[in-house]
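# I'd like to go over a predicted model; first the sequence, then the structure.
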There are 2 protein chains.
Amino acid sequence: MSERERNLSGSWQLNCPVLLLTTSDCVTLAHGEGGRLSRKLIQECILKTLQPVSSLCLNDAAPLPRSERPLAMTTDSYVITPLFFPGGDIGSLAVYGTVNDLAVSGARPLWLTLSLIIEEGLPLAVLERILESVAQTAAETGVQIMAGDTKVVPRGAADGLFINTAGVGELMDPVPVGPDRIQAGDELIVSGPVGQHGIAVMAVREELGVEPVPQSDSGSLFPAVENLRHKLGARVRCLRDATRGGVSAVLHEWAAASDMTLSIEERLIPVTPEVRGISELLGLDPLHIANEGTMLIAVEQGAGAEAVAELQGLPGMSGAQKIGEARERGIAAVTVRRTLGAEQPLADPLGSPLPRIC
Amino acid sequence: MSERERNLSGSWQLNCPVLLLTTSDCVTLAHGEGGRLSRKLIQECILKTLQPVSSLCLNDAAPLPRSERPLAMTTDSYVITPLFFPGGDIGSLAVYGTVNDLAVSGARPLWLTLSLIIEEGLPLAVLERILESVAQTAAETGVQIMAGDTKVVPRGAADGLFINTAGVGELMDPVPVGPDRIQAGDELIVSGPVGQHGIAVMAVREELGVEPVPQSDSGSLFPAVENLRHKLGARVRCLRDATRGGVSAVLHEWAAASDMTLSIEERLIPVTPEVRGISELLGLDPLHIANEGTMLIAVEQGAGAEAVAELQGLPGMSGAQKIGEARERGIAAVTVRRTLGAEQPLADPLGSPLPRIC
């Protein structure tokens, strides 16, 4: 069994009770070719499942409700393997991910598009389960699915299922000014333990068999962003969900944008025992591992304690911590004071050890 | 050489002068993992190439300019193989396709997102060439690329390159009322010869070696939609680009939406000699073959001649024709009067013989 087959069957076995499926229970090429089967798949599976959270129809484009506020737009494709992981699946991830991209940009997420690239042979039960997850997550986050697209590619031309979500939201006052306006003294806060998503996906994909099973942090950041906006207003400088590349990638991007040195302290960084254990075992630094419901926040000097207190009072954010601050640019763009006391540059890796975690 | 490898190398050879590439000239997994190589790819290749038509940056979401008009939104993923075909490539197709979905919905295309799913090993020269095509097509159609995303999947997990574009446009007055309002007597018009895109892609993919090489009709429909709006106003009932499933799929969707019988005449349907020749050779009906720059239009009774004259005066639309009309629902949803005189139901195939043509 090839790695691909193992991953696919692994992902299906993980949550799908139906293992022996006939061809008619699977997506076929004809489902993607614009004829009767396409319309049947769209009407009886996709539109029906998404109906509570969508105004989808067979038209080419959907009118958006009027908005009095300025809008923002984003897009993300999701290629995660396996399709189901502890704490989520590709469907919930695709909604949370785009919701979070809008939220950290200062926008209230409102409207999403949903585009599916399906490999021929994907069981319809798997597709339905993922669409149900999309619908549930859209309902939870208050977004509407406005338009969609479905393509089917022959066996071997894609791995199971890829999803693209693009999103539009309303920018809320005040919009965070952005990382280029970070100043010396600004405080750096992380909204929860780091590295949970990447470790959860890797543990199930590589069948590490650790107990307790590490869980992804996949979830919506919008409520937390809204709370910070209400309490701190313009004292929130910028926010970013720490996805691919982890907290480290965000720090390096912000350091480059602001020309500051961003300094963090290792002992302040929240890490769960599971993530710490697996990271040490595999020689990974949790700062480089992806999150899907955890963000980095830069706030004005003096606002850090209030921001942390606010976050810690929110569901699932009790682990929020101040982890460092911005300083005038020194020798390194990002530094970390290790637990033993030495301050070192934080590596900016070429890539990461974990492909396809989102 | 597997079919996949043949398709890939075929598509690259077709237009790419660089055949012997070292690994460093190809996209690697690390280009998609959020670290330094990701930022390098995004900044030095993607942002640079798209710069003239984009306000892309490394932020999570982009603010949209204000608009006084109501908006519409759409999405499409493109999985065509080969990546380059006579008359276009996956980059131009991804822009035209989303521009056209907005145009036929009555919207002026304004803002696009661009999301890439790249297979490890794709030559950077191929990626750059496709991005240049995206930039050129965006400039031609007047759309801005507002946000982007790049994922890289391991060799074998995707076939070369998939592109998603989502789009937002301003709805223009009057917005076509839609296919559910088609009435008996409404006239059906096609904007040009049918089946050119599907035949062009198949001819190159299957190496049919026919001369002259059939060309795709891939192009923007917005100028034609705008002209019809100015000249005919609310007498345009609805429009639809006849992509997957061809003219037949649109007719069947419209017949279902309106509960009318849509009747066309075979002798009136414009077909190029190349498309006719290859279709007859392979036993295909051009009505079922995909187009990427040809639309079906329903106009009020009596407005057909004016619409056809208007279209025929536009560049590339000299082949526009009235092909039929709507009648009270008879036995069949869609009928075609064949050249020899008999009126028959037009088949509504389960799928189509041409996967991955868009």
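It's in. Numbers count the residues shown, from 1 in each chain, chains lettered A, B, ... in the order given.
# residues near the residue lying closest to A:Pro286 once chain neighbours are set aside, how many?
Distance criterion Cβ to Cβ, 6 or more residues apart in numbering or on different chains; nearest residue to A:Pro286, sequence neighbours excluded, is A:Gly195 at 3.5 Å. The way it works is simple: take the backbone N, C-alpha and C, and place the C-beta from them, glycine included. Using other Cβ atoms under 10 Å in any protein chain shown, A:Gly195 is surrounded by 31 other residues.
# What are the neighbouring residues in contact with A:Gly195?
Residues counted as contacts of A:Gly195 (Cβ atoms under 8 Å, 6 or more residues apart in numbering or on different chains) are A:Gly246, A:Val271, A:Val275, A:Ser279, A:Leu284, A:Pro286, A:Leu287, A:Ile289, A:Ala290, A:Asn291.
# what separates the residue lying closest to A:Ala224 once chain neighbours are set aside from B:Leu311, distance-wise?
In this structure, A:Ala224 finds its nearest non-sequential neighbour in A:Leu314, 5.5 Å apart by Cβ to Cβ, 6+ apart. Distance of A:Leu314 to B:Leu311, computed by Cβ to Cβ, to the nearest Å: 58 Å.
# what's the answer for A:Asp285, then?
From A:Asp285 to B:Leu311 the distance is 62 Å (Cβ to Cβ).
# More neighbours: which of the two?
Per other Cβ under 10 Å, whichever of A:Asp285 and B:Leu311 has more neighbours is B:Leu311, with 24 against 20.
# State the helix or strand in which that one lies.
helix B:304-312 (DSSP states H and E).
# And A:Leu340, by the same measure?
Using DSSP H and E, no helix or strand contains A:Leu340.
# and it, how many neighbours does it have?
For A:Leu340, the neighbour count with other Cβ under 10 Å is 7.
# Next up, phi/psi of it, please.
Note on A:Leu340: its backbone torsions stand at phi -80, psi 0 [degrees, to the nearest 10].
# again with A:Gly302
According to degrees, to the nearest 10, A:Gly302 has phi 100, psi -20.
# Please apply the same query to A:Ser220.
Dihedral angles of A:Ser220 (phi, psi; degrees, to the nearest 10) stand at phi -90, psi 130.
# Go ahead and confirm it touches A:Gly293.
Yes: using Cβ atoms under 8 Å, A:Ser220 is in contact with A:Gly293, at 7.1 Å.
# So between these two, which is more surrounded?
Using other Cβ under 10 Å as the criterion, A:Ser220 and A:Gly293 rank with A:Gly293 on top: 26 against 21.
# Surely the more buried one forms part of a strand?
No: secondary structure of A:Gly293 (DSSP: H, G, I helix; E, B strand; the rest coil): coil, not part of a strand.
# Can you tell me the element A:Met202 falls in?
A:Met202 belongs to helix A:196-205 when elements are defined using DSSP H and E.
# Which strands or helices does that helix pack on?
If contacts are counted by 3 or more Cβ pairs under 8 Å, 6 or more residues apart in numbering or on different chains; DSSP states H and E, helix A:196-205 sits against helix A:3-15, strand A:84-85, helix A:273-282.
# Which one of the ones you listed has the poorest average confidence?
Sorting the helices and strands packed on helix A:196-205 by mean pLDDT places helix A:3-15 lowest, at a mean of 39.
# Run through the residues that contact A:Leu350.
A:Leu350 neighbours (Cβ under 8 Å, 6+ apart): B:Ala30, B:Gly35, B:Arg36, B:Leu37.
# Run a quick neighbour tally on the first one.
Meaning B:Ala30. The number of residues packed around B:Ala30, counting by other Cβ under 10 Å, is 21.
# Check the last one too.
Counted with other Cβ under 10 Å, the burial measure for B:Leu37 works out to 20 neighbours.
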